[in-house]
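A.B. asks: pasting the sequence and the predicted model now:
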Amino acid sequence: MGILSNISGKQAVKIFQKFGYEPDHQTGSHIILYHKVRPTLSIPNHKELAAGLLRGLIRKSGMTVEEFLSAK
């Protein structure tokens, strides 16, 4: 298993909130997170996120995987 496995959509939202993201709205199964200076993120509300998808969201937010996991 990789280091980004077994993280759900809700867990990812909680971690991103620690970095200043706020839930804006939900469209279908995707939670839209807003930040004043960082790009907007769309996180699927699934039981487990694919590692590549989560890595892409982390990269888009301007963080590193290590920073993201340290807030877990």
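C.D. replies: Thanks, I have it.

A.B. asks: how about the residue nearest the centre of the chain, what does it touch?
C.D. replies: By CA atoms, centre = their mean, the mean C-alpha position of the chain lies nearest to Ala12, the distance being 4.2 Å. Residues near Ala12 by CB atoms under 8 Å, 6 or more residues apart in numbering: Ile43, Leu49, Leu54, Leu57. C-beta: built from backbone N, CA, C; applies to glycine.

A.B. asks: if we go to 7 Å?
C.D. replies: Ile43, Leu49, Leu54 (CB atoms under 7 Å, 6 or more residues apart in numbering).

A.B. asks: could you look up the SS state of it?
C.D. replies: Taking DSSP: H, G, I helix; E, B strand; the rest coil as the rule, one finds Ala12 in the helix state.

A.B. asks: do you know how far it is from Gln26?
C.D. replies: 14 Å (CB to CB, to the nearest Å).

A.B. asks: rewinding a little: can you tell me which of the contacts of Ala12 is nearest Ser8?
C.D. replies: Leu49 (6.9 Å; CB to CB).

A.B. asks: tell me the phi and psi of the closest one?
C.D. replies: Main-chain torsions, Leu49, degrees, to the nearest 10: phi -90, psi 140.

A.B. asks: what does His30 give?
C.D. replies: Dihedral angles (degrees, to the nearest 10) for His30: phi -110, psi 130.

A.B. asks: what residues are bridge-paired with it?
C.D. replies: Assessed by DSSP bridges, His30 has beta-bridge partners Thr27, Pro44.

A.B. asks: all helices of the protein, in order?
C.D. replies: Ranges of helices within the chain are 9-17, 51-61, 65-70, based on DSSP state H.

A.B. asks: what packs against the longest one?
C.D. replies: Translated: helix 51-61. When contacts are defined as 3 or more CB pairs under 7 Å, 6 or more residues apart in numbering; DSSP states H and E, helix 51-61 packs onto strand 41-44, helix 65-70.
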